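Visitor: Below are the sequence and a predicted model for it; my questions follow.
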Amino acid sequence: MNDPFFAPTLPAPLEHVMHAPVISDQWLDELADGLTENGWMSQDVASRLGEGLLSGLCNEVQILDRTQSLRRAGVGRGADLLRDRSVRRDKIAWLQGMTPVQADLFAFFETVRLGLNQRLFLGLRRFEAHYATYHQGDFYRRHVDSFQGRASRVVSLVLYLNKGWNEDDGGALQVYNRENENEICGIVLPRAGRMALFMSEEIPHEVLPANRTRYSIACWFRCDEVPLPL
């Protein structure tokens, strides 16, 4: 089954203690300001999401990885979907919000969606998200998440799940200036609780080769009402 929205069934989770993400109007203001001024920003949100939620999400994607439940990621959509290993080599599994930790994460995403709409009038109507796993040597070449004029993915968010990540482990997110695509304006190490947020059409970025297994969640806030036909 070549379904890019395939969401594998996870085993019953361990007892989960609900942790409401700590979100304030001031923090949402900071997100809006960062997107307006630079088109992107990075923050440590570990204290906002909580150790329990981050660990639970990491545990889920590790189970998917160990059980070979992740699918090879592609470039494009529908009939244009290509699985070109010279461009990207990660594997993914789409989130459906059905497990307790995914439900908590989706509540966080929804708060961000509403907050950005109130401040930037982006018309974000929904979001989609998937787990991503990069094994040693995996990468994703420079790209943007949405082409100009597609009116689909508007804001991208990446949340990292890797404890004890060091510079020597590679796998950094390298961000390029929207005014000069040859100028590197930021490097984000994929440490647990680190979040990157950027405008999907404007900010070129790439994932540098990982030297050990790297876990993350990619989320896109969209302005279309329903998923595009596959």
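Guide: Noted; the coordinates are in hand.
Visitor: Who are the packing partners of the longest helix seen in the chain?
Guide: Determined from DSSP state H, the single longest helix within the chain is helix 100-120. When contacts are defined as 3 or more CB pairs under 8 Å, 6 or more residues apart in numbering; DSSP states H and E, helix 100-120 packs onto helix 25-38, helix 46-49, helix 51-66, strand 126-134, strand 153-160, strand 214-222. Every residue, glycine included, has its C-beta placed from N, CA and C.
Visitor: and that helix, which residues are buried?
Guide: Burial within helix 100-120, assessed by neighbour count using 16 or more other CB atoms under 10 Å, is assigned to 100-102, 104-106, 108-109, 112-113, 115-117, 119-120.
Visitor: So which of those is the closest to Thr213?
Guide: Checking these against Thr213 by CB to CB gives Val101 as the nearest, at 19.4 Å.
Visitor: Pro209 versus that closest one, what's the distance?
Guide: Separation of Val101 from Pro209 (CB to CB, to the nearest Å) stands at 29 Å.
Visitor: next one: Arg125
Guide: Distance, Arg125 to Pro209, by CB to CB: 35 Å.
Visitor: could you dump the helices and strands packed on helix 100-120 to JSON lines with mean neighbour count and distance to Val144?
Guide: Shown next, in JSON lines, are the helices and strands packed on helix 100-120 (neighbours: other CB atoms under 10 Å; distance: least, CB to CB, whole Å):
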{"stretch": "helix 25-38", "mean neighbour count": "14", "distance to Val144": "15"}
{"stretch": "helix 46-49", "mean neighbour count": "16", "distance to Val144": "26"}
{"stretch": "helix 51-66", "mean neighbour count": "18", "distance to Val144": "25"}
{"stretch": "strand 126-134", "mean neighbour count": "21", "distance to Val144": "17"}
{"stretch": "strand 153-160", "mean neighbour count": "24", "distance to Val144": "9"}
{"stretch": "strand 214-222", "mean neighbour count": "23", "distance to Val144": "12"}
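Visitor: Gly171 is nearest to which of the ones you listed?
Guide: Nearest of these to Gly171, taken as CB to CB: strand 214-222 at 4.2 Å.
Visitor: now for that closest one, which elements pack on it?
Guide: Using 3+ CB pairs under 8 Å, 6+ apart, strand 214-222 is in contact with helix 51-66, helix 100-120, strand 126-134, strand 153-160.
Visitor: Distance from the chain centre to that strand, please.
Guide: Offset of strand 214-222 from its chain centre (CA atoms, centre = their mean, to the nearest Å): 1 Å.
Visitor: Work out the sheet partners of that strand and label each with its direction, please.
Guide: Looking at strand 214-222 with DSSP bridges, its partner strands are strand 126-134 (antiparallel), strand 153-160 (antiparallel).
Visitor: Throw those into a markdown table and include distance to Leu64 and mean pLDDT, thanks.
Guide: Shown next, in a markdown table, are the strands paired with strand 214-222 (distance: least, CB to CB, whole Å; pLDDT from 0 to 100):
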| stretch | distance to Leu64 | mean pLDDT |
| --- | --- | --- |
| strand 126-134 | 6 | 97 |
| strand 153-160 | 16 | 97 |
